[in-house]
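Novice: A predicted structure for the sequence below; I have some questions about it.
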Amino acid sequence: MIRTLRGENVVPRPLWLMRQAGRYLPEYRALRAEKGGFLDLVYDHEAAAEVTLQPLRRFGFDGAILFSDILIVPHALGQKLEFLAGEGPHLSPRLAEAELASLVEDNTHYEAVWRTVALLSQKLPEESALIGFAGSPWTVGTYMVNGEGSKEQAAARQLAYRDPARFQVIIDRIVESTVHYLDGQVKAGARALQLFDSWSGSLAPDEFERWVIAPTVAIVEAIRALHPDIPIIGFPKGAGAKLPAYARETCVNAVGLDETVDPHWAHRELPEGMPVQGNFDPQLLLAGGDRVEQRARAILDALAGRPHVFNLGHGIDRHTPIEHVERLVAAVREWRPG
């Protein structure tokens with residue numbers, strides 16, 4: 001996988017799945033029941049390492065994505081983080097009303113995750129690359145401002161329009177803290193990094209430049225100065241036609257494609273030779289059937305001319321049957337170009 005992210009067109013394709021460690025696995029559900037809440041798992045380095053390793057034992061993936069959450073950064077910056085049953089994550093106080101300066105930082109949250117990374121770097125097989133990650137500033141900022149997820153990210157978008165200077169302070173602080181967080185992950189043993197910008201598709205083009213591309217550039221440049229050889233994957237979900245500009249301007253090593261992106265278009269429009277990641281539809285994986293192999297081969301054929309890490313277009317659904325994942329893995333492993 002690391003060879004692919006550095007620009008080598010490797011066959012068979014390396015493979016991992018976003019959210020591959022989680023609720024669709026019975027062994028995860030058993031450990032979660034034993035340990036309690038989600039954050040209890042994340043901040044228990046032995047449990048978090050075990051969860052990270054579980055899908056590798058089942059499927060032999062080439063990448064092991066650190067079991068954590070993008071909201072660790074606002075938690076470390078001083079917001080209270082809760083995962084409520086049936087409601088998802090909640091952050092308080094909301095920065096739509098509160099000031100960032102009123103929060104008290106707590107870097108022990110990062111230290112807990114770094115311990116997980118260090119333990120995984122000892123336990124992982126050499127052929128499986130450990131992927132560290134963080135949320136991109138825009139997406140993290142939307143949660144910090146609104147206190148929870150929202151379909152249109154209206155609170156953050158309105159703040160960015162009404163008071164861009166104030167919103168810039170929030171974004172700059174997220175950038176600074178994210179660099180510190182990712183630096184620690186690399187020092188602890190992560191071999192690649194991914195930046196998740198799950199809500200990038202909600203922004204107008206000029207706002208996308210300011211709140212997605214510019215902060216990503218700042219993170220990439222800072223990490224490259226500290227760790228010149230670490231591959232960085234950028235995943236701006238929903239970017240659509242703005243994806244080529246993101247790829248050119250951010251200088252990430254690879255770009256993640258969500259399931260709405262035509263892989264033929266991506267191959268034509270993205271910089272020549274740039275590695276890509278994706279983009280099998282998680283809903284097709286949930287549905288199963290013969291179209292699993294058909295669509296997997298279509299994606300692989302479309303991207304045969306450039307380095308490609310096979311993945312989903314977003315996270316695996318928690319109701320996905322194990323046998324559907326096994327079927328996809330077999331199809332990817334068996335594929336050859338031509």
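Specialist: Sure, I can see it. Bear in mind the structure is a predicted one, so any value in this text is a computation, not a measurement.
Novice: All the strands of the chain, in order from the start?
Specialist: 63-65, 80-84, 88-92, 129-135, 192-197, 232-236, 254-256, 276-280, 308-312 (DSSP state E).
Novice: can these go into a markdown table with extra columns for distance to residue 329?
Specialist: Using the backbone N, CA and C atoms, a C-beta is placed for each residue, glycine as well. What follows is those, written out as a markdown table (distance: least, C-beta to C-beta, whole Å):
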| stretch | distance to residue 329 |
| --- | --- |
| strand 63-65 | 13 |
| strand 80-84 | 29 |
| strand 88-92 | 29 |
| strand 129-135 | 17 |
| strand 192-197 | 20 |
| strand 232-236 | 20 |
| strand 254-256 | 19 |
| strand 276-280 | 11 |
| strand 308-312 | 9 |
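Novice: right, so of these, which gets closest to residue 2?
Specialist: strand 129-135 (5.2 Å; C-beta to C-beta).
Novice: Pairing partners for the closest one, with directions?
Specialist: When pairs are called by DSSP bridges, strand 129-135 turns out to pair with strand 63-65 (parallel), strand 192-197 (parallel).
Novice: hey, C-alpha coordinates of that strand in CSV?
Specialist: This file holds the C-alpha atoms of strand 129-135, laid out as CSV (Å, rounded to 0.1, in the frame of the first residue of the first chain):
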residue,chain,number,x,y,z
ALA,A,129,0.4,-0.4,6.8
LEU,A,130,-0.9,1.5,9.8
ILE,A,131,-2.9,4.5,8.7
GLY,A,132,-3.2,7.4,11.1
PHE,A,133,-5.9,10.1,10.5
ALA,A,134,-7.6,13.3,11.5
GLY,A,135,-10.6,15.2,10.4
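Novice: How much space separates the residue nearest to residue 61 when sequence neighbours are not counted from residue 131?
Specialist: Sequence neighbours aside, residue 16 is the residue nearest to residue 61 in space, at 4.5 Å (criterion: C-beta to C-beta, 6 or more residues apart in numbering). Distance from residue 16 to residue 131, counting by C-beta to C-beta, to the nearest Å: 7 Å.
Novice: residues contacting the residue nearest to residue 88 when sequence neighbours are not counted?
Specialist: Excluding the flanking residues, the one nearest residue 88 by C-beta to C-beta, 6+ apart is residue 149, at 5.9 Å. By C-beta atoms under 8 Å, 6 or more residues apart in numbering, the contact list for residue 149 reads 88, 89, 142, 143.
Novice: go on, residue 166?
Specialist: Contacts of residue 166 (C-beta under 8 Å, 6+ apart): residue 159.
Novice: Need the residues that contact stretch 102-117.
Specialist: So stretch 102-117 is in contact with 42-45, 48-49, 52, 66-68, 72, 75-79, 93, 130, 132, 177, 180-181, 184-185, 187-190, going by C-beta under 8 Å, 6+ apart.
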